[in-house]
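Asker: What follows is a predicted protein model with its sequence.
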Amino acid sequence: MEKIVRVMQGNEACAEGALKAGLGFFAGYPITPSSEIAEILSEKLPVNGGKFIQMEDEISAMGAVIGASLTGVKAMTATSGPGFSLKQENIGFACMAEIPCVIVNVQRGGPSTGTPTMPSQGDVMQARWGSHGDHPIITVVPNGVKETFYLTIKAFNLSEKYRNPVILLMDEIIGHVYEKVELTGLDEIRVINRKKPEVPPEKYLPYDASDSDIPPMANFGEGYRYHVTGLVHDETGFPTNNPEKIDKLIRRINSKITDNVDDITEVEEIYLDDAKIGIFSYGSTSRSAKRAVSTARENGIKVGLLRPKVIWPFPTRQVQELAGSVKCIIVPELNLGQIAHEVEWAVRDKVEIIKINRVDGEPIRPQEILDVIKRVA
Amino acid sequence: MAKTELRITGFGGQGVILSAYIIGKAASIFDNKYATMTQSFGPEARGSACSAQLIISEEKILYPYIIKPNIMIAMSQEGYEKYEATMKGEGILIYESNLVKPGKNRTKIKKYCIPSTKIAEDLGRRIIQNIVMLGFFTAVTGLIDYNAMKEAVKTSVPRGTEELNLKAFESGYEYFKKQKK
């Protein structure tokens, strides 16, 4: 059985995961703390038969990724904070034109150039709503090096399956931390590829959703000629101003995600069975939460952790279930309460939401969470 | 040993991160322990104080940041001054004797020093200073198995430089052993 045992950092695991998922094209513009992803892929991707290109900026890099994906290859870019802002318009284009691709954002402190070498979770709402208009998005949030490998593969699989951009939202801690990683069962990893048309080119309608919410996608260069636009379009791919068709398209591209939340969502539950206090935590912060939970349990406090591996679409059902059995939910995060707000919305005053926030470039320590647990216990 | 927190500090370009990487690799791949390594550096790439933090533990590590280092290796004065206080007057301080002048204080910190840059220069290349330091660290602390460290050095340095780096490691190791005699 294929197996890798190595000391590696999250950015390296991301690059390795992308290769395993079948990455064929990377375009990017280096930026701390994501640069190692580009650095590693610049070396490894061409050897694996793929193409690597460093573009003049993040906007063009995102454009190149979209173009590459249209030819049938799996394409990715990696960036951080300011670069993620620049990519937003083209991410919206990919949502509208239903072009699979993976965008990695290794979060650093913002706004603007902020603190390039320090961790943050300040882009979690931007990952959802950074681009304009009602658009569908999937976002995965790993909390360790090993998980980054597997969630990168998941990101590609989801993007291919749903014909949609997927954001791999890391942070400086996960990107740069080195850990020993044992990757096993590598030859059994499931890789999903986009569905291709079964009709001949002259009968192909690129956005015909009569059989499925996710229309088959033809590769450019294989005889299928069609129009791709950011304008609202009908099943032919050409623009339309017909209200009925506009409504149909906008609802479909969103519902193909929202109707499949259970297929997309993935959560880890720790000690939730008898928990009286809940914690909702994601990404690097969830490591501190996990430590705080196990220390609190040693002291006999009934606390549990709900940790989403996919943050968008939001795991509303799981959060509501948690709210049904605990007296409060603690939400620690490296921002001023972005996901706490989403949790509050999901539970609608049923239980108290307690926020723990840091925006000073330092991680939340296990002790800070433990102090809050003890206070409310 | 349940858990050891270690900080290596120096200026960017001195091999601070690689040193921590090698110790972490020795511990987790060749010595059956768990290790995590994080790094702090400023927006500027070279020349400023940088620091790598390493946790070595018998069990899986969740929170990867150090709270109070048990061991600090200082390879520059700026790094020493920036991080000395985090030791809170306890532990082991290992430093480059020509680059760091520790302040006089009445703390319980045990101090060990080595002119690792000079030793590296005598071996022919100043760049292997950090590996000399790693040899010295291995001898001083006994924290990581000697052979595990050598294996980690050998598999982490650029190909073709293994012999020179192992010589550097030995020199640092022997420097302490001779001092003890």
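Answerer: Here it is on my side, so go on. Computed from a prediction, not measured in an experiment: that's the story for all the values here. Residues are numbered from 1 along each chain as shown, chains lettered A, B, ... in the order given.

Asker: Give me the distance from stretch A:142-159 to the chain's centre.
Answerer: Distance of stretch A:142-159 from the chain centroid (C-alpha atoms, centre = their mean, to the nearest Å) equals 8 Å.

Asker: Would you check that residue B:9 makes contact with residue B:76?
Answerer: Yes: if you go by C-beta atoms under 8 Å, residue B:9 and residue B:76 touch, sitting 6.9 Å apart. Just so you know, the C-beta spots here come from the backbone N, C-alpha and C atoms, and that holds for glycine as well.

Asker: Which one of the two is surrounded by more residues?
Answerer: residue B:9 (28 against 22; other C-beta atoms under 10 Å in any protein chain shown).

Asker: mind checking how far that one is from residue B:61?
Answerer: Using C-beta to C-beta, to the nearest Å, we find residue B:9 at a distance of 20 Å from residue B:61.

Asker: what is in contact with residue B:9 and residue B:76 at once?
Answerer: Common neighbours of residue B:9 and residue B:76 (criterion: C-beta atoms under 8 Å, 6 or more residues apart in numbering or on different chains): residue B:49.

Asker: hmm, the strand or helix carrying residue A:93 in reach of chain B?
Answerer: According to DSSP states H and E, residue A:93 maps onto helix A:81-97. No: using C-beta under 8 Å from any C-beta of the partner chain, helix A:81-97 stays clear of chain B, coming no nearer than 12.4 Å.

Asker: give me every residue that touches the residue lying closest to residue A:218 once chain neighbours are set aside.
Answerer: Distances taken as C-beta to C-beta, 6 or more residues apart in numbering or on different chains put residue A:224 closest to residue A:218, at 3.4 Å, once the chain neighbours are dropped. Going by C-beta under 8 Å, 6+ apart, residue A:224 touches A:197, A:201, A:204, A:206, A:218.

Asker: So which of those residues belong to helices?
Answerer: Using DSSP state H, the subset of the contacts of residue A:224 located in helices is empty.

Asker: Weed out the non-buried ones from those residues.
Answerer: A:197, A:204, A:206, A:218 (16 or more other C-beta atoms under 10 Å in any protein chain shown).

Asker: List the contacts of the last one.
Answerer: Residues in contact with residue A:218, defined by C-beta under 8 Å, 6+ apart, are A:196, A:197, A:201, A:204, A:206, A:224, A:226.

Asker: other SSEs contacting the very next helix or strand once past the helix holding residue A:93?
Answerer: Sequence order places strand A:101-109 as the next helix or strand after helix A:81-97, per DSSP H and E. Counting contacts by 3 or more C-beta pairs under 8 Å, 6 or more residues apart in numbering or on different chains; DSSP states H and E, strand A:101-109 packs against helix A:10-21, helix A:58-70, strand A:74-79, helix A:81-97, strand A:115-119, helix A:145-162, strand A:165-171, helix A:172-176.

Asker: quick one: is the longest one near chain B?
Answerer: No: under the criterion of C-beta under 8 Å from any C-beta, helix A:145-162 makes no contact with chain B; the nearest approach is 8.9 Å.

Asker: any idea of the mean pLDDT for that helix?
Answerer: Helix A:145-162 comes out with an average pLDDT of 98.

Asker: On the three-state scheme, residue B:23 is what?
Answerer: helix (DSSP: H, G, I helix; E, B strand; the rest coil).
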